[in-house]
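Chemist: Here you go, sequence then predicted model.
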Amino acid sequence: MRKHRFLSFVLGVTAFAILLPMAVMVLWSVTGRWSWPNLLPESYTLRTVQELLFGSAKLPQLLFSSIWLAAVVAVLATIVGVMTARATELYTFFGCSAVQAAGFLPLLVPGTVFATGIQLTMIRAGLSDTLLGVVLVHLVVALPYCVTIMADVTAAVGVRHEEQAAVLGASPLRAFFLVTLPQLLPGILSSLSMGFVLSYSQYFTTLMVGGGRIKTLALVLVPYIQSGDRALSSVYATVFVSSALLVFFLLEWAIKRTEKRGETQ
Amino acid sequence: MRKKKWHIAVLLAPFLALTALLLLSVWNVAIQSFGYIPAFGLTEFTTEHYAKVLQDETFLRALGVSLRIALLSAVLSAVLGVLLSAALIRCRKRDGAMLYLVRMPILVPHAVVAVFAINLLSQAGLVARVAAALGLIAEQSQFPQLLFTPDYGGAIAAYLWKEIPFVAYFVLALMFSVSDTLGEAAENLGASPLRSFFSVTLPLTLPAIVKAFLIIFIFAFGGYELPLLLGATVPKALPVQAYLAYMSPNLRDRPYAMAMNGVILLLALAMAALYGVLTRRMLKRMGGRA
């Protein structure tokens, strides 16, 4: 029983340690004055928030372009994941296990090394400082996660239902889209969520290949942190985190719904 | 049969293209680090840049910093993450609100975690204020310097905030299925919960733990934002130092920067190879079953 109490304590400390920094971030983002050694701010203001939302900072555009980029990466990475998983899980071919192993390569090459190594190629291909170039490098980063997630669900779903549909006269594409795809949906949604979060939080790859021309929240936040402005960096961080969490929980809610629907069918 | 082959080729095409992009990058790092950059008029293969890098005091200190960050982050995250995972299982909090809470740090970008660290751990941060309120310190300057120090404690703390929950979430499914079946059986046969955990659940969860360790080690070793934002100006972490050299206006510094990236890559791959050897051994000991 003592151990149980200890483990409950561990959970309590964890919850506190996760929530406290987020709460302090939100507090700082509406702080007017918070001088040493006060535990709480002396005055609150919405000035920084207002300035960011309606001022020259163009936060709404920045937010929109960051979400757009991450959404494109999430969708493409998931499509690649679905296709790759279909090949490795449902077909047997020479080099299948090599492909599966190659799926983990992006985890073994640090993102900083990858982005540095690819920059010259990107310049030559005319993809440096372009959205397409940034999408490509983000895709490589997201690849192992999306492929793993899709491989698991694809193996679990299998092809039995699809084959039945084909026997009943459906074309292969129709059988895939109408029979297998709905069954893959929970996996597709988690892959989208993973791809989104990974692209959304990229800093170095975006900096290197986007050359500062492709602006994202991460790219704008870092100089604010370096300048030491706590209120401003906290506002940016709050927007950054809450938008990421919002997308995550929306997808999570969708996953729960599709799973429930799958159970009642 | 012909049709099937054609299917596989189409399905794998985008994956292979992206993998080719990664391999191309690795190839670029390799040849440029050996001094071959035709675009800059450098066409001679040489190992002198590696020799220069390995004798450079700045590089060696940066290497030490990055190894320290990677090792401490990975070891502590693995140990504490396993503890958290066990706590989630024992206290029956495997799903619901607590699990969402544990997944949250995985979603938070590294740059934001740097904001957290500054808000809480700097000498004017909340922790220092609490210490002052408790009468432990009288002035800001009495609070120990945790950020921007050469030991990179701030960056390590930030990695821990993100990676402990990552490990817990990463090993949770496997640990639960082991402890729910074999761990339970051991307890029914009279083993104490602690004994059942350390002799049954933990060893059988080890493959997932070691994998999480490897992912974190390589990530923290090649990480840029956290050491940049929370570390000292001297010494810098290896990726920060490499980027600085890469951006040098003197194009002759380029192969030198690439040699640094080459070392980062080699060490990451060496860790991965070590992982491969260890897991193969582990599998053999378990009777060759995956």
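Modeler: Received, thanks. These figures come from a predicted structure and were not determined experimentally. Residues are numbered from 1 along each chain as shown, chains lettered A, B, ... in the order given.
Chemist: pLDDT weak spots in chain A?
Modeler: Across chain A, the ranges flagged by pLDDT under 70 are A:1-3, A:56-57, A:262-265.
Chemist: Can you tell me, leaving aside adjacent residues, what's nearest to the single nearest residue of it relative to chain B?
Modeler: Nearest to chain B in chain A, going by C-beta to the nearest C-beta, is A:P110, at a distance of 2.2 Å. C-beta: built from backbone N, CA, C; applies to glycine. Sequence neighbours aside, B:G222 is the residue nearest to A:P110 in space, at 2.2 Å (criterion: C-beta to C-beta, 6 or more residues apart in numbering or on different chains).
Chemist: for the one you found, what are its contacts?
Modeler: Taking C-beta atoms under 8 Å, 6 or more residues apart in numbering or on different chains as the criterion, B:G222 is in contact with A:110-113, B:239, B:264, B:268.
Chemist: same thing with A:L232?
Modeler: Neighbouring residues of A:L232 by C-beta under 8 Å, 6+ apart: A:48, A:52, A:224.
Chemist: Also A:M150?
Modeler: The neighbourhood of A:M150, defined by C-beta under 8 Å, 6+ apart, consists of A:78, A:81-82, A:84-85, A:184, A:187-188, A:191.
Chemist: Okay, and which of the contacts of B:G222 map to helices?
Modeler: Among these, the ones falling in helices (DSSP state H) are A:111-113, B:239, B:264, B:268.
Chemist: B:L182: which of those is nearest?
Modeler: B:A268 (34.1 Å; C-beta to C-beta).
Chemist: which one of the contacts of A:M150 has the most neighbours?
Modeler: With neighbours taken as other C-beta atoms under 10 Å in any protein chain shown, the top of the contacts of A:M150 is A:G81, carrying 32 neighbours.
Chemist: how much space between that one and B:G190?
Modeler: 46 Å (C-beta to C-beta, to the nearest Å).
Chemist: before we move on, what about B:L121?
Modeler: The gap separating B:L121 from B:G190 is 46 Å, by C-beta to C-beta.
Chemist: the helices in chain B, which residues?
Modeler: In chain B, the helices defined using DSSP H lie at B:2-33, B:48-55, B:57-90, B:97-107, B:110-121, B:126-133, B:153-178, B:184-188, B:193-196, B:202-221, B:225-230, B:238-246, B:254-285.
Chemist: related to what we said a few turns ago, and the contacts of B:G222 as CSV, adding neighbour count?
Modeler: Below are these laid out as CSV (neighbours: other C-beta atoms under 10 Å in any protein chain shown):
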residue, neighbour count
A:P110, 25
A:G111, 25
A:T112, 27
A:V113, 25
B:P239, 26
B:I264, 24
B:A268, 22
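Chemist: out of the residues you listed, which one sits closest to A:A175?
Modeler: Of all these, A:G111 has the smallest distance to A:A175: 38.4 Å, by C-beta to C-beta.
Chemist: From what I see, the closest one and A:F204 are in contact.
Modeler: Yes - using C-beta atoms under 8 Å, A:G111 is in contact with A:F204, at 5.8 Å.
Chemist: Which residues are in contact with each of these two?
Modeler: Contacts common to A:G111 and A:F204, judged by C-beta under 8 Å, 6+ apart, are B:Y224.
Chemist: Tell me how many other residues crowd residue 25.
Modeler: Just going to use chain A. 25.
Chemist: think we crossed wires, I meant chain B
Modeler: 25.
Chemist: Can you name the residues that contact it?
Modeler: A:109, A:113-118, A:121.
Chemist: Give me the residues contacting stretch A:160-172.
Modeler: Residues outside stretch A:160-172 that contact it (C-beta under 8 Å, 6+ apart): A:174-176, A:178-180, A:183.
Chemist: now those residues: which count as buried?
Modeler: Among the contacts of stretch A:160-172, those buried by neighbour count (16 or more other C-beta atoms under 10 Å in any protein chain shown) are A:175-176, A:179-180, A:183.
Chemist: Just send the ones in helices among the contacts of B:G222 back as TSV, with distance to B:Y159 too.
Modeler: Conversion of the ones in helices among the contacts of B:G222 to TSV gives the following (distance: C-beta to C-beta, whole Å):
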residue	distance to B:Y159
A:G111	15
A:T112	15
A:V113	18
B:P239	14
B:I264	17
B:A268	16
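Chemist: buried residues in the helix ranked longest in chain A?
Modeler: Ranked by residue count under DSSP H, the longest helix found in chain A is helix A:230-264. The neighbour-count check on helix A:230-264 (16+ other C-beta under 10 Å) flags A:230-241, A:243-245, A:247-248, A:251-252, A:254-255, A:258 as buried.
Chemist: can you give me the angle it makes with helix B:97-107?
Modeler: Inter-element angle recorded for helix A:230-264 and helix B:97-107: 130 degrees (by axes from the mean of the first three to the mean of the last three C-alpha atoms, to 10 degrees).
Chemist: Just give me the neighbour total for A:E42.
Modeler: A:E42 has 10 neighbouring residues, counting by other C-beta under 10 Å.
Chemist: so what's the closest residue to it other than its chain neighbours up against?
Modeler: Leaving out its chain neighbours, the residue that sits closest to A:E42 by C-beta to C-beta, 6+ apart is A:R33, at 4.8 Å. Residues near A:R33 by C-beta under 8 Å, 6+ apart: A:41-43.
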